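Participant: model this:
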Amino acid sequence: GLGNSTMISMEDQCKQARIPFITSSDGVHTPENIFNDDDKTYWLSTGLFPQEFIVEFPNPLRIHRIHIMSSKIRDLAVESSMDGENFEPVFEEEMQDRGENFLQAFTHQANGLMAHSLRFLIRSGYSDFVSVHRVSVFGEPS
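Facilitator: Okay, here's the model as predicted:
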């Protein structure tokens with residue numbers, strides 16, 4: 001079998017999400033690229049670290065897994081909020097540099113974390129600029 005039914009029915013909730021805040025955008029590699037199905041498109045940071053963006057969902061979610069595809073991110077922290085103002089730490093990860101030709105792929109098992117929004121904090125990078133190619137958040141409305 002394919003495991004239990006909750007895993008099968010779990011959808012990427014970012015399809016309905018919006019980005020109410022982001023520290024930078026160059027106008028070409030826009031934040032919306034984080035949610036589309038094309039890993040060749042991405043959001044590119046401009047300026048100094050830290051960089052951050054907030055992902056807000058239409059309804060609070062019970063989150064099982066957070067997946068990010070990126071390049072040149074060194075220190076990544078993710079925080080969660082139910083009200084969009086008070087954020088609590090979820091995880092912090094020192095990512096490995098995959099070089100120029102490969103994306104970083106990282107998955108955090110969130111174990112039913114309740115959140116209405118997530119803040120992604122990029123504290124440092126392996127380069128002056130970092131790119132985020134995809135963020136997927138798997139779970140269901142609570």
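Participant: Mind listing the residues bridging to Arg18?
Facilitator: Arg18 has these beta-bridge partners by DSSP bridges: Glu56.
Participant: my guess is it contacts Ile54, does it?
Facilitator: No. Using C-beta atoms under 8 Å, Arg18 makes no contact with Ile54, being 9.2 Å away. Backbone N, C-alpha and C define where each C-beta goes, glycine included.
Participant: And those two? Which one has more around it.
Facilitator: Neighbours per residue, other C-beta atoms under 10 Å: of Arg18 and Ile54, the larger number sits with Ile54, 20 against 14.
Participant: hang on, isn't the more buried one packed against Ala17?
Facilitator: No. With contact defined as C-beta under 8 Å, Ile54 does not reach Ala17; the gap is 9.8 Å.
Participant: how close does the residue lying closest to Ser24 once chain neighbours are set aside sit to Asp128?
Facilitator: Excluding its sequence neighbours, the residue lying closest to Ser24 (C-beta to C-beta, 6 or more residues apart in numbering) is Thr46, at 4.3 Å. Distance of Thr46 to Asp128, given as C-beta to C-beta, to the nearest Å: 9 Å.
Participant: Who are the packing partners of the one helix or strand Ser136 maps to?
Facilitator: Assigned by DSSP states H and E, Ser136 belongs to strand 131-141. On a contact count with 3 or more C-beta pairs under 8 Å, 6 or more residues apart in numbering; DSSP states H and E, strand 131-141 meets strand 11-12, strand 43-44, strand 51-71, strand 104-125.
Participant: Check which residues of the last one are buried.
Facilitator: The one in question is strand 104-125. For strand 104-125, burial by neighbour count (16 or more other C-beta atoms under 10 Å) applies to 104, 106, 108, 110, 113, 115-122, 125.
Participant: Can you name the residues that contact Cys14?
Facilitator: Contact partners of Cys14, counting by C-beta atoms under 8 Å, 6 or more residues apart in numbering, are 34-35, 55, 135-137.
Participant: how about 6 Å then?
Facilitator: By C-beta atoms under 6 Å, 6 or more residues apart in numbering, the residues touching Cys14 are 35, 135-137.
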